[in-house]
Structures are given as structure tokens and as C-alpha cells.
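1. model the following, please.
(one chain, ligands or ions: 1)
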Amino acid sequence: MSIVQRYVKATNSSSLADDELHHDTEALAAMALASNIGSLLFRIKYAGDQMSLKPLLIIWRIKIADRAKHRGWSGISEEVADISLWHWMEDFCPECNGLGHPKMPKAPTLEAMTCPACNGTGKKKLKCHAEIYDHVMDVVAWLDRLTAEAASNFRYKLGD
Ligand SMILES: [Zn+2]
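-> Here you go, the predicted structure:
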């Protein structure tokens, strides 16, 4: 059953008691949230909203499957979706905590030198199979763009 069919079925359900309908509720949540994936990403990454993680993963797998179809990747879309999302959620360099410069020992200041682990980017290196590396990096950049758009929308709404 496609996500749209599940959505239609869920909106027509009169009871949410059994297991099958429980899945429909997930699809419903995914569809409801898909229209604003950027704000969902933002909430999960920066506000620790763990409740939205499962609907996000459903939405993200659908989006990546669609991208894979258009770009002719085969059989790897779920792996690309999952690895990109997990990498993106905790993408800061563990050596410098994402700051780009190592901390001075026993002092609250940063070294002037750039962090050798991340070359000063503050980003963790992606670890995955070489065959999917470029695809994952491509969609991680997409996640960053979606989140940046949501952040600027938030700023606009707050009147900044
Ligand atoms: Zn670093």
C-alpha cells in the first residue's frame, strides 16, 4: 500500500485499536508532518524532539526513494536515507565538539590552530561504503539546506 493509500485509509478509520490501524496512524503522522519537514528536522536536531524521529524517518525514506528513482540509483535508497539522517543528527566533530579549534588543556579558550581531525569545519567525517558516499553527502547537504530554511522561517516569524 502506498503512503497516500495508507493516509486515505487512516483518515477513514473509526478505531485506532488494532495493529494495522496503528501503522495507519504512523502514516497519517508522516503525511501531516511532511509538508513541513524543515521544521521537523530543526526540532529534532536542536530541540531534542525524539517523538518526531519515527515519522521523520518514514518521510525521509520516501523522499530519498523518490530521489533515487529520478537519479537512477538502485537498491540503496533506504541505506542512503538512514545513514544520512543518523550522520546529520550528530555531525559535530568529536575532537573539537564542532568548534573547529581544539580546546586548550585546562583552560576555557580555544587553540588558534584549526582542528586536525576536521580541518576546522567542525563536522564529523562520514563513515560509510565508498559506493554510496557521494549519495549520502549529497542528501546530508539537502538536510542542511532544509534545516537552514526552517531556521530562517522561524527567525522571520519571530520578527528578527
Ligand atoms: Zn574538529
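
2. so for residue 143, what pLDDT did the model give?
-> Turning to residue 143, the model gives it a pLDDT of 94.

3. my bad, should have said residue 28
-> Looking at residue 28, its pLDDT is 57.

4. next one: residue 20
-> According to the per-residue confidence, residue 20 scores 56 in pLDDT.

5. check the one 4 residues further on too.
-> The predicted local distance difference test score for residue 24 is 60.

6. do residue 79 as well
-> Reading off the confidence values, residue 79 has pLDDT 95.

7. quick check: closest non-adjacent residue to it.
-> residue 132 (6.3 Å; C-beta to C-beta, 6 or more residues apart in numbering). Bear in mind the C-beta positions are built from the backbone N, C-alpha and C, glycine included.

8. and the one you found, what element?
-> With secondary structure defined by DSSP states H and E, residue 132 is part of helix 130-157.

9. which secondary structure elements does that helix contact?
-> Helices and strands touching helix 130-157, by 3 or more C-beta pairs under 8 Å, 6 or more residues apart in numbering; DSSP states H and E, are helix 37-46, helix 77-89.

10. so what touches the longest one?
-> What that stands for is helix 77-89. Helix 77-89 is touched from outside by 44-45, 56-57, 60-61, 63-65, 67-69, 73, 124, 126, 128, 132, 135-136, 139-140, 143-144, with contacts defined as C-beta atoms under 8 Å, 6 or more residues apart in numbering.

11. what about the residue lying closest to residue 64 once chain neighbours are set aside, distance to residue 158?
-> Leaving aside its sequence neighbours, residue 64 sits nearest to residue 81 (C-beta to C-beta, 6+ apart; 3.8 Å). For residue 81, the distance to residue 158 (C-beta to C-beta, to the nearest Å) stands at 31 Å.

12. those two: who's more crowded?
-> Counted by other C-beta atoms under 10 Å, residue 81 and residue 158 do not tie: residue 81 has more neighbours, with 24 against 7.

13. residue ranges with poor pLDDT in this structure?
-> Within the chain, the ranges that satisfy pLDDT under 70 run 1-35, 160.

14. need the residues of it near the ion, please.
-> Contacts of the chain with the ion, taken as C-beta under 5 Å from the ion, map to 93, 95, 96, 115, 117, 118.

15. isn't the first one right next to residue 119, touching?
-> No - using C-beta atoms under 8 Å, residue 93 makes no contact with residue 119, being 9.3 Å away.

16. who has more neighbours, those two?
-> Neighbour count, other C-beta under 10 Å: between residue 93 and residue 119, residue 93 has more, with 20 against 12.
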